[in-house]
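> quick check, what structure comes out for this input:
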Amino acid sequence: MTSRHTEHQYVSLDWMGVGAEGQNPADLHPEVPHPARMYDYFLGGKDNFPADRAAAEQVMAISPMVRISALANRAFLQRAVRYLAELGVGQFLDIGTGIPTAGNTHEVARRVNPDSRVAYLDNDPIVLVHSRALLAGAGHGSATVVQGDLRDPAAILADPQIREVLDLGQPVALLLFAVLHFIDDRDDPYGLVRHLVDALPSGSYLALSHGTADFLSPADAAKGPAVYRSATAQLTMRSREQVLRFFDGLELTDPGLVTAPLWRPDQPARPTDAETAVWVGLARKP
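Presented below is the predicted three-dimensional model:
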């Protein structure tokens, strides 16, 4: 990625006529704000409904940095995948993929290594509709989209579609971009990540990004999760110290855990970069 403000290109679907296999279009619940569609709106996309836009605008009123943070998170994904591919990593397990936009994991990785293999996983039928259309249209046989939930890592690791595309006996890059802040503490997010990382061989990598309220006042920090309480998923922001715990036992690559724009940037730093509300990092399993 060469620009923080990438031109976003989206898979165009008829929301009322296209659904995942067995899905009733009514299941999309356009009247309920949806985090994936809200994120799409933050990125400047068009796959969202009025309820999503209204909730997203509430969040941006609390923190105008939200849209900048979303764009910075997307840019980090692309730089991290490119970096991993350049290291020779050829397998990617991308969990919590979100609605596809330009520069998806398989697209970035294959610019470096055309033989890269990617398994996408999301628990959301809306995301699955878009992702499957993207891959079907592109005819990618070494990429798959699977319905699953980060809260069930054993099922992810045993999924036959994932195992058909990825050899879990060889190094894999586990990608958790902007998904862990939708996992509540009672669901043991650290244990979930550890379960997945422990199952991967030495030489594998963990790359993640996580929303934070570190740069907000305590009052404003409480307002963002309140907006998401009316949505289909809840929000748990975590501090830098809490995010760092996800990398316990792993070897963080330079520059360590930083805000998204400061991780191996393609451009000179801007004044807002140090307070972009997304902590990011990439680490190797020894």
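> which elements pack onto the helix ranked longest in the chain?
Counting residues, the longest helix found in the chain (DSSP state H) is helix 65-87. Where contact means 3 or more Cβ pairs under 8 Å, 6 or more residues apart in numbering; DSSP states H and E, helix 65-87 is packed against helix 35-42, helix 50-62, helix 105-112, strand 173-177, strand 205-211, strand 278-284. All C-beta atoms are positioned from the backbone trio N, CA, C, and that covers glycine.
> how close does the nearest residue to residue 94 once chain neighbours are set aside sit to residue 214?
Spatial nearest neighbour of residue 94, chain neighbours left out: residue 175 (4.4 Å); criterion: Cβ to Cβ, 6 or more residues apart in numbering. Noted for residue 175: a distance of 23 Å to residue 214, by Cβ to Cβ, to the nearest Å.
> those two: who's more crowded?
residue 175 (26 against 17; other Cβ atoms under 10 Å).
> pretty sure that one sits against residue 105.
Yes. If you go by Cβ atoms under 8 Å, residue 175 and residue 105 touch, sitting 6.6 Å apart.
> so what's the residue count around residue 168?
17.
> would it count as being in a strand?
No. Under the criterion used here (DSSP: H, G, I helix; E, B strand; the rest coil), residue 168 is coil, not part of a strand.
> next, the contact list for it, please.
157, 162, 199-201 (Cβ atoms under 8 Å, 6 or more residues apart in numbering).
> quickly list what the nearest residue to residue 181 once chain neighbours are set aside is bridged to.
Leaving aside its sequence neighbours, residue 181 sits nearest to residue 211 (Cβ to Cβ, 6+ apart; 4.4 Å). Beta-bridge pairing for residue 211 (DSSP bridges): residue 278.
> what about residue 211, distance to residue 156?
22 Å.
> and if you look at residue 112?
Distance from residue 112 to residue 156, by Cβ to Cβ: 25 Å.
> the more surrounded of the two?
residue 156 (22 against 17).
> pull out the buried positions in whatever helix or strand the more buried one lives in.
Here residue 156, judged by DSSP states H and E, is contained in helix 153-158. Residues of helix 153-158 classed as buried: 153, 156-157 (neighbour count, 16 or more other Cβ atoms under 10 Å).
> pull the CA atoms of the following helix or strand past it into CSV?
Downstream of helix 153-158, the next assigned helix or strand under DSSP H and E is helix 160-165. Output in CSV follows, covering the C-alpha atoms of helix 160-165 (Å, rounded to 0.1, in the frame of the first residue of the first chain):
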residue,chain,number,x,y,z
PRO,A,160,-12.1,-29.5,6.5
GLN,A,161,-12.3,-26.5,4.2
ILE,A,162,-9.5,-24.8,6.0
ARG,A,163,-7.4,-28.0,6.1
GLU,A,164,-8.0,-28.4,2.3
VAL,A,165,-6.4,-25.0,1.6
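> contacts for helix 160-165?
93, 117-119, 121, 142-144, 146, 156, 168.
> name the residues of it that are buried.
By 16+ other Cβ under 10 Å, the buried positions in helix 160-165 come out as 162, 165.
> looking at that helix now, give me its mean pLDDT.
Average pLDDT, helix 160-165: 95.
> the closest residue to residue 55 other than its chain neighbours: how many residues sit nearby?
Spatial nearest neighbour of residue 55, chain neighbours left out: residue 33 (3.6 Å); criterion: Cβ to Cβ, 6+ apart. Neighbour count of residue 33, defined by other Cβ under 10 Å: 27.
> so residue 33 sits against residue 51, correct?
Yes. When contacts are counted by Cβ under 8 Å, residue 33 is listed as touching residue 51 (5.0 Å).
> next up, the contacts around residue 245.
Neighbours of residue 245 in contact, by Cβ under 8 Å, 6+ apart: residue 190.
> residue contacts, residue 148?
Taking Cβ under 8 Å, 6+ apart, one finds 95, 121-123, 155-156, 159 in contact with residue 148.
> one more time with 10 Å
Residue 148 sits next to 95, 119-123, 155-157, 159, 161-162 when contact means Cβ atoms under 10 Å, 6 or more residues apart in numbering.
> then residue 82?
1, 103, 108-109, 111-112, 264, 266.
> go on, residue 251?
205, 282-286 are the contacts of residue 251 under Cβ under 10 Å, 6+ apart.
> distance check, it against residue 149.
Relative to residue 149, and taking Cβ to Cβ, residue 251 is found at 28 Å.
> likewise residue 92?
From residue 92 to residue 149 the distance is 19 Å (Cβ to Cβ).
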